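1. A predicted structure for the sequence below; I have some questions about it.
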Amino acid sequence: MKTLGVTGGIGSGKSTVCRILEELGARVFYADAEAKRLMEDDPAARAEIVAAFGPASYDAEGRLDRAYLAARVFGDAEQVARINAIVHPRVRRALRAAREQAAQEGVPLLVYEAALIFETGGDRHVDAVAVVDAPVEERIRRVAAQRGATAEQVRARMAHQLPPDELRRRADYVIDNSGPPEALRRQVEAVYRAVAGAEAGASKTFHDHFSGHAADYARYRPRHPDILFAFVAAQCDRHGLAWDCGTGNGQAALGLARHFERVVATDASAEQIRHAAPHSRVEYAVAPATESPLGDACADLVSVAQALHWFPFEAFYAEARRVLRPGGLLAAWAYGFQRVNDAVDAVLDAFERDYAGPFWPPERRYIDDGYRTIPFPFDEIETPDFTITRAWTLADQLGYLRTWSATRRYLAAHGTDPVAEIEADLAAAWGDPETVRSIRWPVYLRAGRTP
């Protein structure tokens, strides 16, 4: 797997380029978002920031005071170096974790998006760097329109970034974002093919591709029922610490927080973590399933919601055994195919058969088998049946279908949205698009204890 750095001055269009790369099959690691998360949530990083810049770095509620910190470091090279020494090594560790997870899942290209790749030495950690470029006046116009900044404010920000000529000189690829969207896309596709090479074809078969649409994933994904969390918690004789592995947007972590004093929720995707909902009992971290940040024999529960089938089983189970205390519980669950009513189900079945089906990765079979064929080397306990229910309009249903990884792969392969192909049929079966219908998914739960 290759790694591509993407950088450029403010207003150049880095985010737009990264969205196109995600559509093509890449996974994007957003370094600046990860740095912000670390300064907020990493206890060691917080302590170092307070020691270096004073307790005023955080407000009375413990939130990072960005204005104060910016005033302390802005324009002072020595202070910038101090904050970078605290944050950037941690960002690089998170990048390594994201790279390892992406490689395990067969992702053809990992993109490292950062505003200061060259300034922080990030170019040494990627195979190539693409610089997104646009005329200065156009960049000023974009930032002013998007953020309400004045031209003087934008120019002040630009003055603290490498000049465009220097960025272009040091780049392996320069993407010109001064023309129409179709011209930009052609350039991005060319860079993707050049860097990903033969691995680009793997975009049809890599595991889990949710990072590229994490916001939609958080919005439309079914919510696990409270009764499921209550059952899992009832199987644990202690409720001090739970590790929610593959947390995605944190949905299961929030459910467990009602039953455990502390939940550590990890995911290999920094973008998914960025969209996770905060909670006073939940600590989020970027980490692969095989490398928990927890110590030995400390967790009462290890939970995996809708993710175990993507993991390397043997390595993950070894890590779960390391983290669980004696008698601790491993609980893993997934939901199956949805049901609505006969008319709607017929359209959904046709969509699955004719469009999505060929683009599911092979691990999908574990869900189709009700999770019964997944290896599970723990002292298994009997579990009841659970059902997820949601009340949706037609728009919600369509939005959910577009979050499927198979839908995204179909789009990447054919260049057309498969959901649009069945939208008219689904609308006819649904009736009034504002009608709220009950959607149901069966839940498959495996649970077992360590010796």
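-> Sure thing, it's come through. Quick caveat: nothing in here was measured; it's all calculated off a predicted structure. Numbering: from 1, shown residues only.
2. Helix or strand next in line after the helix or strand hosting residue 315, which one?
-> Applying DSSP states H and E as the criterion places residue 315 in helix 313-323. Toward the C-terminus, helix 313-323 is succeeded by strand 324-335 as the next helix or strand (DSSP H and E).
3. packing partners for the following helix or strand past that next one?
-> Next helix or strand after strand 324-335 toward the C-terminus (DSSP H and E): helix 342-351. If you count contacts as 3 or more C-beta pairs under 8 Å, 6 or more residues apart in numbering; DSSP states H and E, helix 342-351 packs onto helix 418-430. (C-beta placed from N, C-alpha, C; glycine too.)
4. buried sites along the helix it packs on?
-> Using 16 or more other C-beta atoms under 10 Å as the test for burial, helix 418-430 gives 418, 419, 422, 423, 425, 426, 429, 430.
5. of those, closest to residue 346?
-> Nearest to residue 346 out of those is residue 429 (C-beta to C-beta; 7.0 Å).
6. what residues are up against that closest one?
-> Shown in contact with residue 429 (C-beta atoms under 8 Å, 6 or more residues apart in numbering): 343, 344, 346, 347.
7. can I get the residues you listed in JSON lines with distance to residue 32?
-> Listed next are the contacts of residue 429 as JSON lines, based on distance: C-beta to C-beta, whole Å:
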{"residue": "343", "distance to residue 32": "47"}
{"residue": "344", "distance to residue 32": "42"}
{"residue": "346", "distance to residue 32": "46"}
{"residue": "347", "distance to residue 32": "42"}
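8. closest to residue 19 among the buried residues of helix 418-430?
-> residue 419 (18.3 Å).
9. tell me what the longest helix seen in the chain is packed against?
-> Ordering each helix of the chain by length in residues (DSSP state H) puts helix 77-104 first. Under the contact criterion of 3+ C-beta pairs under 8 Å, 6+ apart, helix 77-104 touches strand 27-30, helix 31-41, helix 43-53, helix 66-73, strand 109-113, strand 282-286.
10. Now do it and strand 282-286, the angle between them.
-> Going by axes from the mean of the first three to the mean of the last three C-alpha atoms, to 10 degrees, helix 77-104 is angled at 80 degrees with respect to strand 282-286.
11. Helix 77-104 relative to helix 313-323, how many degrees between them?
-> Taking the same axes, to 10 degrees, one finds that helix 77-104 is oriented at 130 degrees with respect to helix 313-323.
12. what distance separates helix 77-104 from the centre of its chain?
-> 17 Å (C-alpha atoms, centre = their mean, to the nearest Å).
13. in that helix, what counts as buried?
-> 80, 82-84, 86-88, 90-92, 94-95, 97-102, 104.
14. OK, contacts around the residue lying closest to residue 48 once chain neighbours are set aside?
-> Spatially, and ignoring its direct neighbours in sequence, residue 48 is nearest to residue 86 (4.7 Å; C-beta to C-beta, 6 or more residues apart in numbering). When the contact criterion is C-beta under 8 Å, 6+ apart, the partners of residue 86 are 45, 48, 49, 52.
15. Out of those residues, which is nearest to residue 271?
-> Checking the contacts of residue 86 against residue 271 with C-beta to C-beta, the nearest one is residue 45 at 19.6 Å.
16. residues contacting that closest one?
-> Contact analysis of residue 45 by C-beta under 8 Å, 6+ apart lists 38, 39, 86, 87, 90.
17. redo that, cut-off 6 Å
-> 38, 39, 86 (C-beta atoms under 6 Å, 6 or more residues apart in numbering).
18. Now pLDDT too, for these, in TSV please.
-> Listed next are the contacts of residue 45 as TSV, based on pLDDT from 0 to 100:
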residue	pLDDT
38	91
39	92
86	93
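19. low-scoring stretches of the stretch 251-400 of the chain, by residue?
-> Residues of the stretch 251-400 of the chain that meet the criterion pLDDT under 70 are absent altogether.
20. how does it look with 90?
-> Residue ranges of the stretch 251-400 of the chain with pLDDT under 90: 251, 267-281, 284-288, 291-295, 357-364, 390-391.
21. Would you quantify the distance from the most centrally placed residue in the chain to residue 250?
-> In the chain, the residue lying closest to the centroid (C-alpha atoms, centre = their mean) is residue 272, at 2.4 Å. Remark: distance between residue 272 and residue 250 (C-beta to C-beta, to the nearest Å) = 8 Å.
22. now residue 322
-> 23 Å.
23. Mind checking which of those two has more residues around it?
-> Using other C-beta atoms under 10 Å as the criterion, residue 322 and residue 250 rank with residue 250 on top: 23 against 15.
24. I'd say the more buried one and residue 276 touch.
-> Yes - at 3.4 Å, residue 250 counts as touching residue 276 under the criterion of C-beta atoms under 6 Å.
25. Quick check on the residue lying closest to residue 434 once chain neighbours are set aside: phi, psi?
-> Leaving aside its sequence neighbours, residue 434 sits nearest to residue 393 (C-beta to C-beta, 6+ apart; 5.7 Å). Here is the backbone geometry of residue 393 (degrees, to the nearest 10): phi -90, psi 180.
26. Strands of the stretch 351-451 of the chain, start to end?
-> Taking DSSP state E, counting those that start in this stretch to define them, one finds strands in the stretch 351-451 of the chain at 379-380, 386-392, 437-449.
27. Just give the closest residue to residue 389, not the sequence neighbours.
-> Using C-beta to C-beta, 6+ apart and skipping residues adjacent in sequence, the residue nearest residue 389 is residue 440, 5.4 Å away.
28. For the one you found, name its beta-bridge partners.
-> Beta-bridge partners for residue 440, by DSSP bridges, are residue 339, residue 389.
29. ditto for residue 109
-> Per DSSP bridges, the residues bridged to residue 109 are residue 2.
30. Could you pull up the contacting residues of it?
-> 2, 4, 26, 196.
31. on that earlier part again, what's the PyMOL line that selects buried ones from the contacts of residue 429?
-> Buried subset of the contacts of residue 429, written as a PyMOL selection, criterion 16+ other C-beta under 10 Å:
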select buried, resi 344+347
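32. Let me see the ranges of the helices in the stretch 151-300 of the chain.
-> 151-158, 164-170, 181-196, 214-220, 226-234, 251-257, 270-274 (DSSP state H, counting those that start in this stretch).
33. how about those in TSV, adding distance to residue 66?
-> Shown next, in TSV, are the helices of the stretch 151-300 of the chain (distance: least, C-beta to C-beta, whole Å):
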stretch	distance to residue 66
helix 151-158	14
helix 164-170	25
helix 181-196	31
helix 214-220	22
helix 226-234	34
helix 251-257	25
helix 270-274	16
